[in-house]
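Trainee: test case, fold it:
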Amino acid sequence: MSLADDLQSEVEAIFATRWKARDGQKVPEAPDVQLGNDAVKLTATVLYADLAESTRLVTSYPPHFAAEIYKSYLHCAAKVISNNGGVITAYDGDRIMAVFIGNLKNTSAAKSALQINYCVTQIINPKMHNQYPDLDSSFIVRQAVGIDTSELFVARTGIRGANDLVWVGRAANYAAKLCEERTGAYSSWITEDVYKVLAAEAKLSQGKDMWERALWLDYGIYVYRSSYWWKP
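Mentor: Numbering: from 1, shown residues only. All right, here's what the predicted structure looks like:
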């Protein structure tokens, strides 16, 4: 059988096989889901954190410097996410994906976004310029975090020996798209569904709302953005 024949059979089977989906009580890992049409359903909040201008970073600066920026950012983001109860599900070059579940999933994710902003503005950039005093003072690390919440359908994709989970649902898509928004000083972006259920601690600072409502032109919906930081 040729590779083309094999692919024809596999794709036909994917479309024809009935799905076995079950409600999840925790964030699944790859071994929890079979390679066939097996899936876990859960209500969750997805966070994506993404470095800005990474192409410029790797093309205009030495590789070791770019690697230090990557490592510093991803390390801080991962630590903050884990400390707030999130589960890291993927690293993709210069960005990280995490999933939060439970009653405080939206508040925990929003706190993570604000705390990642603290790490970048109050730790990474100052430490970078201290280590490299001759670095152009206009160069600073920029990033954005996107967050949404929805039902997710988690399946396993790939082939034996090379596979991973795929997160199907609005939250995964919107969070990934929102972290590409980098308007002005705003580094944290959440959907209205996330904002509406935030606890006061993740919404207000000294009685003032930390989040500003804005129209997301790409999708024609309102989202909320923030330039605030929160010390972990």
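Trainee: any weak-confidence spans in the protein?
Mentor: Judged against pLDDT under 70, the chain has no low-scoring part.
Trainee: for the helix or strand where Ala39 lies, name the packing helices and strands.
Mentor: In the assignment (DSSP states H and E), Ala39 maps to strand 38-51. Strand 38-51 sits against strand 20-23, helix 63-83, strand 95-100, helix 105-118, strand 143-159, helix 170-178, with contacts defined as 3 or more CB pairs under 8 Å, 6 or more residues apart in numbering; DSSP states H and E. For glycine as for every other residue, the C-beta is placed from the backbone atoms N, C-alpha and C.
Trainee: what comes up buried for the longest one?
Mentor: Of the residues in helix 63-83, those scored as buried under the neighbour-count criterion (16 or more other CB atoms under 10 Å) are 65-66, 68-70, 72-74, 76-78, 80-81.
Trainee: what of stretch 195-209?
Mentor: Residues 195, 197-198, 202-203 are the ones in stretch 195-209 that count as buried (16+ other CB under 10 Å).
Trainee: the host helix or strand of Ala13 to strand 143-159, inter-axis angle?
Mentor: Here Ala13, judged by DSSP H and E, is contained in helix 3-16. Angle of helix 3-16 versus strand 143-159, following axes from the mean of the first three to the mean of the last three CA atoms, to 10 degrees, is 110 degrees.
Trainee: roughly how far is helix 3-16 from the heart of the chain?
Mentor: Centroid separation for helix 3-16 versus its chain: 32 Å, with CA atoms, centre = their mean, to the nearest Å.
Trainee: most centrally placed residue in this protein?
Mentor: Residue closest to the average C-alpha location in the chain (CA atoms, centre = their mean): Tyr48, at 1.2 Å.
Trainee: wouldn't it be in contact with Val145 here?
Mentor: Yes - applying CB atoms under 8 Å as the test, Tyr48 and Val145 come out as touching, 6.9 Å apart.
Trainee: identify the contacts common to those two.
Mentor: Cys179 (CB atoms under 8 Å, 6 or more residues apart in numbering).
Trainee: still on that earlier bit, and which of the buried residues of helix 63-83 is nearest to Asn37?
Mentor: Ile81 (30.3 Å; CB to CB).
Trainee: show the contacting residues for the closest residue in space to the closest one that isn't next to it in sequence.
Mentor: Distances taken as CB to CB, 6 or more residues apart in numbering put Ala98 closest to Ile81, at 4.6 Å, once the chain neighbours are dropped. Going by CB under 8 Å, 6+ apart, Ala98 touches 46-49, 81, 86-89, 109, 112.
Trainee: how close does Ala98 sit to Trp167?
Mentor: Applying CB to CB, to the nearest Å, the value for Ala98 to Trp167 is 11 Å.
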